[in-house]
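> Structure for this input, please:
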Amino acid sequence: MSKFSIFVILAFFLVTSCQKSIDNTSENVTDATDAPISEEVLKLGEQTYTKVCAACHTEANANLAPAKGLLAGMSPHAILSALNMGKMQVQAEPLSSKEREAVAQYLTNKKLVKVVIPESAYTTFSISEADTQSEFNYSGWGGDMEGSGFRSTAQAGITPENVSSLELQWSFAFPNATVVRSKPAIVGDWLIVGSQFGEVYAMNRHTGKIGWTFQANAAIRGAITYTAEDENLTAYFADYATNTYSLDIKTGELNWKKRAGQHPLSGVTGSVVVHDGIVYVPITSFEIVSTQDPNYECCNSSGGVTALNAKTGVEIWKHKVIAEEAKISGKKENGGSIYGPSGAPVWASPTVDAKRGLLFIGTGENYTAPATNTSDAIQALDLKTGELKWNWQASKNDTWNMGCPDNPNCPTPTGPDVDFGMAPILVYDKVNERDMLVVGQKSGVVHALLPESGEVIWQTRIGKGGALGGIHWGMATDGELVYAANSDNVFALDPSDETISPTPGIYALNLQTGKKVWSVSPPPCDDSTRENCQQSNSAAPTVIPGIVFEGDLNGFVRAYSTKDGSVLWEFDTVKEYETINGQKGNGGSIDGPSPVVADGMLYVNSGYSMFGEMPGNVLLAFKVKNE
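Numbering: from 1, shown residues only. Sure, this is the predicted structure:
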């Protein structure tokens, strides 16, 4: 099995699990590496594992389930969470709580202990009308319906003149997490953010103290979106299993919950968008992972969007990227059937064009042949009905899945996996007096389109591209330049054109022409101080007047000048932290969503271990000094 495949299986196993609910009086299960485990517990764990688990978790079956050796490298908390509420819940249903805990400790040789989150980590939650109207409030993936990633000076409270004074104000550790990728919303004095194990926290943004918590059913991998209508203040988000939630922000209580996915393996990795009483949920499918089982009959799922009533959760419409149903399209070398067309997942947030009544989405690769013209594409849907208005395909015949290259489920020919993983950005071109749709692709190409038709305005290559190359999570624009992070991670690049070299870094492109204005490569990795360090920019950037904030896989967050890319400020997040909630905190690689800037503060996620990157579990809050 390839290193890449191991990382993905491990990540898939971990993020589909979720943790027991906590509040200020309950106990939270955590890990202790130095406490002894009783012989009785180890014996019970071994017996239970042998009876219930061992048949699947073998080296010979490692493509289907993590082998015992790989499980040993996990935390007991992660394994227990999977057994209690995650991917292994069905298999573990007959087991007692003692048997589940024993299995987790036996496999990892680490003891589960209970620790109380200190009372000092909590504070009284209260929110005023003024909080809901604050100009620096933040919601959703790109901070606005257009997905621009831009904040004004008044909203940011940070300038090129004071950015160098940013200092760490507080740190918060998500218990036992290894990936931190939910993007917080900001409402007045409160920050609302999700976690790898499904907790949603309302934290005081000045202190990091917890006002309330809510427990979702699975990992929260996208941004929190909120609306303020009349006296109602509502947070919306979706979990990994496509359960979509509406919460009363004033109380932290559930208004409604609705599963948005149709296929059994549907998932949500992006962020919901709320507009004019409708919640738009992007749908992907992790059938792409099931393909690693050579006996899995691949594949019959489609990416899409589900529209729900914002007040009730009732489904309004559903759009499938692949309209036709999959059918048998061939035979595998092991005699099994191949189904298609399939795939074209929607990994990222939709973008709203209220003026034209359109919803824009980016799609991914086909999992199997036959290839469709809707994969690796940008689509425009009617906001009210979900009707497809136009479809523009960037890359044809990109058929790929996680079974590639040596599995019977791998399609032939095999594509480079260069899907759209970011939300399209709608931006106004002041020079030509028109709107533009700009979007980056994992091919390493940035595209500019006309939003009314999908007609190409310009295209600029900034990277080599590939499965871990090109533009992953997003870009940002200030209306003058477009800022893109190019990953070009050496672990998985497109081998089809050897004349194109990998060029990771931050790029600034002219909005009207797409011409490169400047670019900055990330500094070389220091192997002596970094484990699994990677010289790459994958996370989405945030832009404010004069500054682009961006993190890298080496764990640094930097403020770059929008004029020339010079570094105005930087902070190394890879260290241990004394956290506000009393949990062990460590920084790691920065990937996924962009930093959030509000009212003189900068909020940064640190920790991302899904593709061999550095694990971590902290949310860091920085503040400029008062002058």
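
> how much space between the residue nearest the centre of the chain and Phe197?
Centrality entry for the chain: nearest residue to the mean C-alpha point is Arg221, 4.5 Å, by C-alpha atoms, centre = their mean. Distance, Arg221 to Phe197, by C-beta to C-beta, to the nearest Å: 12 Å. Using the backbone N, CA and C atoms, a C-beta is placed for each residue, glycine as well.

> And Thr399, by the same measure?
Counting by C-beta to C-beta, the gap from Thr399 to Phe197 is 34 Å.

> To which secondary structure element type does Ser538 belong?
When classified by DSSP: H, G, I helix; E, B strand; the rest coil, Ser538 comes out as coil.

> and what of Leu107?
Classification of Leu107 using three-state DSSP returns helix.

> The nearest residue to it once chain neighbours are set aside: how many residues sit nearby?
Leaving aside its chain neighbours, Leu107 sits nearest to Leu71 (4.7 Å; criterion: C-beta to C-beta, 6 or more residues apart in numbering). Using other C-beta atoms under 10 Å, Leu71 has 22 neighbouring residues.

> ok, now which ones touch Leu71?
By C-beta atoms under 8 Å, 6 or more residues apart in numbering, the contact list for Leu71 reads His57, Ile79, Leu107, Thr108.

> out of the residues you listed, who has the most neighbours?
Ile79 (29 neighbours).

> From Tyr240, how far out is the residue nearest to Leu107?
Applying C-beta to C-beta to Leu71 and Tyr240 gives a distance of 20 Å.

> again with Gly211
Gly211 is 24 Å from Tyr240, by C-beta to C-beta.

> which one of those two has more residues nearby?
For Gly211 versus Tyr240, neighbours defined as other C-beta under 10 Å are more numerous around Tyr240 (27 against 20).

> Can you tell me the SS state at that one?
Taking three-state DSSP, the label given to Tyr240 is coil.

> Test my guess that it contacts Gln196.
No. The criterion here is C-beta atoms under 8 Å, and Tyr240 misses it with Gln196 at 9.4 Å.

> which one of the contacts of Leu71 is nearest Lys575?
Using C-beta to C-beta, the shortest approach to Lys575 within the contacts of Leu71 belongs to Thr108, at 24.8 Å.

> That closest one touches Pro76, doesn't it?
Yes. The pair Thr108 and Pro76 qualifies as a contact (C-beta under 8 Å) at a distance of 4.6 Å.

> contacting residues around Ser496?
By C-beta under 8 Å, 6+ apart, the residues touching Ser496 are Pro416.

> cool, the one 5 residues further on as well?
For Ser501, the contacting residues are Lys464, by C-beta under 8 Å, 6+ apart.

> circling back: kindly provide the distance from the residue nearest to the centre of the chain to Ser301.
Distance, Arg221 to Ser301, using C-beta to C-beta: 18 Å.

> Name whatever forms a beta bridge with Gly362.
With DSSP bridges applied, Gly362 shows beta-bridge pairing to Ile378.

> quick one, what contacts Asp398?
Glu365, Asn366, Ala371, Ser375, Asp376, Gly415, Pro416, Asp417, Val418, Asp419.

> again with Thr225
Thr225 is in contact with Ser139, Gly140, Ala185, Ala235, Tyr236, Phe237, Ser271, Val272, Val273, Val274, counting by C-beta under 8 Å, 6+ apart.

> could the residues you listed go into a markdown table alongside distance to Ile117, pLDDT and neighbour count?
Converted to a markdown table, the contacts of Thr225 look like this (distance: C-beta to C-beta, whole Å; pLDDT from 0 to 100; neighbours: other C-beta atoms under 10 Å):
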| residue | distance to Ile117 | pLDDT | neighbour count |
| --- | --- | --- | --- |
| Ser139 | 27 | 97 | 25 |
| Gly140 | 29 | 97 | 24 |
| Ala185 | 22 | 98 | 25 |
| Ala235 | 22 | 98 | 24 |
| Tyr236 | 26 | 98 | 27 |
| Phe237 | 22 | 98 | 31 |
| Ser271 | 27 | 98 | 29 |
| Val272 | 28 | 98 | 27 |
| Val273 | 33 | 98 | 27 |
| Val274 | 31 | 98 | 21 |
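
> just those now: which is nearest Ser96?
For the contacts of Thr225, the nearest to Ser96 is Phe237 (32.9 Å; C-beta to C-beta).

> Can you name the residues that contact that closest one?
So Phe237 contacts 182, 194, 200, 216, 220, 222-225, 244-245, 271-272 (C-beta under 8 Å, 6+ apart).

> in stretch 517-537, what's buried?
517-520, 522, 525, 530, 532-537 (16 or more other C-beta atoms under 10 Å).

> And the residues you listed, which two are furthest apart?
Val517 and Asn532 (32.4 Å).

> what about Ala82, which SS state?
Following three-state DSSP, Ala82 is assigned to helix.

> Gln91 versus that one, what's the distance?
The value you get for Ala82 to Gln91, if C-beta to C-beta is used, is 9 Å.

> cool, and Phe286?
18 Å.

> quick one, which of the two is more surrounded?
Ranked by neighbour count (other C-beta under 10 Å), Phe286 and Gln91 place Phe286 first, with 21 against 14.

> Do I have it right that that one meets Leu265?
Yes. With contact defined as C-beta under 8 Å, Phe286 and Leu265 form a contacting pair (5.1 Å).

> Now for this protein, the helix or strand with the poorest mean pLDDT.
helix 3-15 (a mean of 39; mean pLDDT, DSSP states H and E).

> I'd like to know how many residues surround Pro502.
21.

> Can you classify it by secondary structure?
Per three-state DSSP, Pro502 ends up coil.

> what sits against it?
Contacts of Pro502 (C-beta under 8 Å, 6+ apart): Gly463, Lys464, Gly469, Asp488, Val490, Leu493.

> Could you do Ser589 as well?
Contacts of Ser589 by C-beta under 8 Å, 6+ apart are 532, 534, 552-555, 606-609, 613-616.

> again with Arg221
Residues in contact with Arg221, defined by C-beta under 8 Å, 6+ apart, are Val15, Arg181, Ser182, Gly194, Asp239, Tyr240, Val268, Thr269, Gly270.

> Excluding residues flanking it in the chain, which one is nearest Asp476?
Quick fix: residue 476 reads Ala, not Asp. In space, Ala476 is closest to Gly149, 3.0 Å off (C-beta to C-beta, 6+ apart).

> for the one you found, phi and psi?
When read as degrees, to the nearest 10, the backbone of Gly149 gives phi 70, psi 20.

> Output stretch 270-283 as PDB, restricted to C-alpha atoms.
The C-alpha coordinates for stretch 270-283 follow below in PDB (Å, rounded to 0.1, in the frame of the first residue of the first chain):
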ATOM      1  CA  GLY A 270     -17.400  22.000   2.500                       C
ATOM      2  CA  SER A 271     -19.500  24.700   4.200                       C
ATOM      3  CA  VAL A 272     -23.200  25.500   4.000                       C
ATOM      4  CA  VAL A 273     -24.500  28.800   2.500                       C
ATOM      5  CA  VAL A 274     -27.700  30.500   3.700                       C
ATOM      6  CA  HIS A 275     -29.500  33.000   1.500                       C
ATOM      7  CA  ASP A 276     -33.100  34.200   1.300                       C
ATOM      8  CA  GLY A 277     -34.400  31.500   3.600                       C
ATOM      9  CA  ILE A 278     -32.600  28.600   2.000                       C
ATOM     10  CA  VAL A 279     -29.600  26.500   3.300                       C
ATOM     11  CA  TYR A 280     -27.500  25.200   0.500                       C
ATOM     12  CA  VAL A 281     -25.500  22.100   1.400                       C
ATOM     13  CA  PRO A 282     -22.600  20.800  -0.800                       C
ATOM     14  CA  ILE A 283     -22.600  17.000  -1.200                       C
END
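
> Having no further points to raise, I will conclude here.
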